[in-house]
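Asks: model the following, please.
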Amino acid sequence: MIGIVDYNAGNIKSVERALLSIGAEYVLSKNPKDLEKCDKIIFPGVGEAEYAMKQLKLTGYDNFLKDWYAASKPMIGICLGSQIIFEHSEEGDVDCLGLLKGTIRHFTNVWKDEGINPALKVPEIGWNDLTFSNGSSKLLAGVPEHSDFYFVHSYIIQPADKTVIKAFADYGCQVPACVEQGSLTAFQFHPEKSGKWGLQILKNFAFMGDK
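Replies: Numbers count the residues shown, from 1 in each chain. Next comes the predicted model:
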């Protein structure tokens, strides 16, 4: 059973529709106790990092997710849920969950540090293709390299350990699009809004370990 974390900052309906379309069972709740018996967790998110962290603390999901990760149980993060698993975000200058080491930085700050000034709009909104790296991810099995996925974001994942980057996109600079460490995989793009290949990722996650 998959548990969907509902903390008032998630793209919940699109995730639900995607899981229903692949025949995956799930439970959605604002109460962490309702997800304790699940064997997999989806941690979605849209919006602003500071608000999201406040909601996680109010609901108790901050400690729940830390304990879940510490227990090496399968979890995926999506969009904002792929960012606030790191230590700190420039968005609101807020400390985040710290499951993985690294920061979240605005596109323009990364471009400035890299000495580039691409003629690109922020946020990045639209389709972008993936290049696999560091052996790719088990959840990208069956997905051809350079397949397109749907992105909406202004901030970029900056992992301290670059080997956790399993796929990246290009948007003026290299954009980590999939990161993975242990039982945790996170996607900057929206698999639930990315058509056939996005559903393949969710199938890989939902039925992982099934015979």
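Asks: rest of the way, CA atoms for contacts and neighbours
Replies: Fine.
Asks: now the terminal residues of stretch 182-197, how far apart.
Replies: Stretch 182-197 has an end-to-end distance of 23 Å (criterion: CA to CA, to the nearest Å).
Asks: so where's this protein shaky on pLDDT?
Replies: Low-confidence segments of the chain, defined by pLDDT under 70: 210-211.
Asks: cutoff 90 now
Replies: 8-11, 45-47, 208-211 (pLDDT under 90).
Asks: the longest strand in the protein is where?
Replies: Looking across the chain with DSSP state E, the single longest strand is strand 174-181.
Asks: the helix or strand just after that one packs against which elements?
Replies: Next helix or strand after strand 174-181 toward the C-terminus (DSSP states H and E): strand 184-187. Helices and strands touching strand 184-187, by 3 or more CA pairs under 8 Å, 6 or more residues apart in numbering; DSSP states H and E, are strand 75-78, helix 80-83, strand 174-181.
Asks: right, so those: which one is the most enclosed?
Replies: Burial of those is given as mean neighbour count (mean count of other CA atoms under 10 Å); helix 80-83 ranks first at a mean of 26.
Asks: so which residues make contact with that helix?
Replies: With CA atoms under 8 Å, 6 or more residues apart in numbering as the test, helix 80-83 has contacts from 43-49, 76, 89, 104, 156-157, 186-188.
Asks: list buried residues within those.
Replies: Neighbour counting by 16 or more other CA atoms under 10 Å classes 43-46, 49, 76, 89, 104, 156-157, 186-188 among those as buried.
Asks: just the contacts of helix 80-83 now: which is nearest residue 115?
Replies: Nearest to residue 115 among the contacts of helix 80-83: residue 156, at 16.2 Å, using CA to CA.
Asks: what's the burial count for the nearest residue to residue 173 once chain neighbours are set aside?
Replies: Distance criterion CA to CA, 6 or more residues apart in numbering; nearest residue to residue 173, sequence neighbours excluded, is residue 111 at 6.9 Å. Counted with other CA atoms under 10 Å, the neighbours of residue 111 add up to 16.
Asks: helices along this protein, start to end?
Replies: Counting by DSSP state H, the chain has helices at residues 12-21, 49-59, 61-70, 80-83, 107-113, 195-206.
Asks: which one of those lies closest to residue 144?
Replies: Judged by CA to CA, the one of these that comes nearest to residue 144 is helix 195-206, at 8.4 Å.
Asks: from residue 109, how far out is the most far-flung residue of the chain relative to its centre?
Replies: The C-alpha centroid of the chain is most remote from residue 115, which lies 27.3 Å away (CA atoms, centre = their mean). Residue 115 sits 10 Å away from residue 109, going by CA to CA.
Asks: got a list of what residue 89 touches?
Replies: 49, 83, 95-96, 103-105.
Asks: ok, now residue 204?
Replies: Applying CA under 8 Å, 6+ apart, the residues contacting residue 204 are 138-141.
Asks: residue 55 now?
Replies: Here residue 55 is in contact with 7-9 (CA under 8 Å, 6+ apart).
Asks: how about the nearest residue to residue 8, chain neighbours excluded?
Replies: Using CA to CA, 6+ apart, the closest residue to residue 8 is residue 55 (6.8 Å).
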